[in-house]
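Asker: One predicted model, sequence on top.
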Amino acid sequence: MKTNKGREYCLVIEGGYFSEAEVEHALRDPFIEDWVEQTGRFRIHNLSEIEVTPGVALGLLGVEALDEELFVIASADPERPLTEHQAKGVAEALRRQGMFDEISVKPREELFGEDEELFDKDNEAQ
C-alpha cells in the first residue's frame, strides 16, 4: 500500500478567470483585505506573514494554468511542498472566500511528472 507521507499536493481550481495573473489576484485579495483590516496597512513583504492556513503563507503559493479556466495552485518553493493536510486547509480557506467555482486537492504527480517543476526560482510559472 502506497503512503501519502512525502507526497506533494496541489489544488486544482476552476473559475471564470482567463490568466494566471487574474487567479493570483483572486487568490490574494481576500487575505490581503483581511490583513489590512487587522493591521491597518499592507506591504509586499507581508505576503510571507499572511497565513492562509497554519503553516502556509500566502507568499508561498503560486499559480499555473492547466487549461482554459482551469488552474493549479501549489507551493512555489520546492523546499516546502504542500502536504495533503495543508492543501486541504488551503482549499477550505479558499472555499470560505468564495472566489472560485470548484476546488479540488490532488497529488502533484497526478497532474505533472514527478520531476517536472511547476515554478522557476522567481516564483513564476514555467
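Answerer: Arrived safely. Being a predicted model, the structure only gives us computed values, none of them experimental.
Asker: alpha carbons only for contacts and neighbour counts from here, please
Answerer: Will do.
Asker: Val90 and Glu68, how far apart?
Answerer: Val90 sits 22 Å away from Glu68, going by CA to CA, to the nearest Å.
Asker: quick one, which of these two is more surrounded?
Answerer: Each of Val90 and Glu68 has its neighbours counted (other CA atoms under 10 Å); Val90 has more, 27 against 12.
Asker: chain center to the helix or strand containing the more buried one, what's the gap?
Answerer: Per DSSP states H and E, Val90 falls inside helix 84-97. Distance of helix 84-97 from the chain centroid (CA atoms, centre = their mean, to the nearest Å) equals 9 Å.
Asker: so what does the helix or strand just after it touch, helix or strand wise?
Answerer: Next helix or strand after helix 84-97 toward the C-terminus (DSSP H and E): strand 102-107. If you count contacts as 3 or more CA pairs under 8 Å, 6 or more residues apart in numbering; DSSP states H and E, strand 102-107 packs onto strand 9-14, helix 84-97.
Asker: ok and the biggest helix by length in the chain relative to strand 9-14, angle-wise?
Answerer: Assignment by DSSP state H gives helix 20-39 as the longest helix of the chain. With axes from the mean of the first three to the mean of the last three CA atoms, to 10 degrees as the basis, helix 20-39 and strand 9-14 are set at 110 degrees to each other.
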